[in-house]
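>>> Fold the following for me, if possible:
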Amino acid sequence: QVQLAESGGGSVQAGGSLTLSCVVSGFITSTYCMGWFRQAPGKQREGIVAIDSDGTPRYDDSVKGRFTISKDNAKHTLYLQMNNLKPEDTAIYYCAAARCGRGWDSGVWGQGTQVTVSA
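Predicted coordinates:
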């Protein structure tokens, strides 16, 4: 059974940086896509970046140029490097894995990690 565990959240001032990690336990084939999502208080969950089975990243405009997704297959870990953080980036961040084309709701989700950015 696949499980995901995020870490690396915290509190930073605007302009600061954080790196989130998502450790994958279990077996994920190359047919899986992985992504990072976030949910701010009172708002719906939004996708911010996904990486296809061929490794191609797709960023939401809100984070393009500031956030970078990467993965280390040897460590079974997905990363999200977040630079130039803004107060509006404050949210709970989740990683997810799902078979590409099946929809994220059909996949596996981590428990989330809180990111708080102060002005």
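>>> Just to check, residue 114 is in contact with residue 7?
No - using C-beta atoms under 8 Å as the test, residue 114 is too far from residue 7 to be in contact (11.0 Å). Any C-beta I mention is one placed from the backbone N, CA and C, and that applies to glycine too.
>>> Quick test: name the residue nearest the centre of the protein.
The chain has residue 36 as the residue nearest its centroid, 2.3 Å off, counting by C-alpha atoms, centre = their mean.
>>> Please list all residues in contact with it.
Residue 36 sits next to 20, 22, 47-50, 67, 69, 78, 80, 93-96 when contact means C-beta atoms under 8 Å, 6 or more residues apart in numbering.
>>> Among the residues you listed, filter down to the buried ones and hand me the ChimeraX syntax, if you would.
To isolate the buried members of the contacts of residue 36 in ChimeraX, using 16 or more other C-beta atoms under 10 Å:
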select :20,22,48,49,50,67,69,78,80,93,94,95,96
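>>> For my notes, please list the contacts of residue 36 in JSON lines and give secondary structure, pLDDT and distance to residue 30 for each entry.
Shown next, in JSON lines, are these (DSSP: H, G, I helix; E, B strand; the rest coil; pLDDT from 0 to 100; distance: C-beta to C-beta, whole Å):
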{"residue": "20", "secondary structure": "strand", "pLDDT": "98", "distance to residue 30": "23"}
{"residue": "22", "secondary structure": "strand", "pLDDT": "97", "distance to residue 30": "17"}
{"residue": "47", "secondary structure": "strand", "pLDDT": "96", "distance to residue 30": "21"}
{"residue": "48", "secondary structure": "strand", "pLDDT": "97", "distance to residue 30": "23"}
{"residue": "49", "secondary structure": "strand", "pLDDT": "96", "distance to residue 30": "19"}
{"residue": "50", "secondary structure": "strand", "pLDDT": "95", "distance to residue 30": "15"}
{"residue": "67", "secondary structure": "strand", "pLDDT": "98", "distance to residue 30": "24"}
{"residue": "69", "secondary structure": "strand", "pLDDT": "96", "distance to residue 30": "17"}
{"residue": "78", "secondary structure": "strand", "pLDDT": "94", "distance to residue 30": "14"}
{"residue": "80", "secondary structure": "strand", "pLDDT": "98", "distance to residue 30": "21"}
{"residue": "93", "secondary structure": "strand", "pLDDT": "98", "distance to residue 30": "25"}
{"residue": "94", "secondary structure": "strand", "pLDDT": "98", "distance to residue 30": "22"}
{"residue": "95", "secondary structure": "strand", "pLDDT": "97", "distance to residue 30": "18"}
{"residue": "96", "secondary structure": "strand", "pLDDT": "96", "distance to residue 30": "17"}
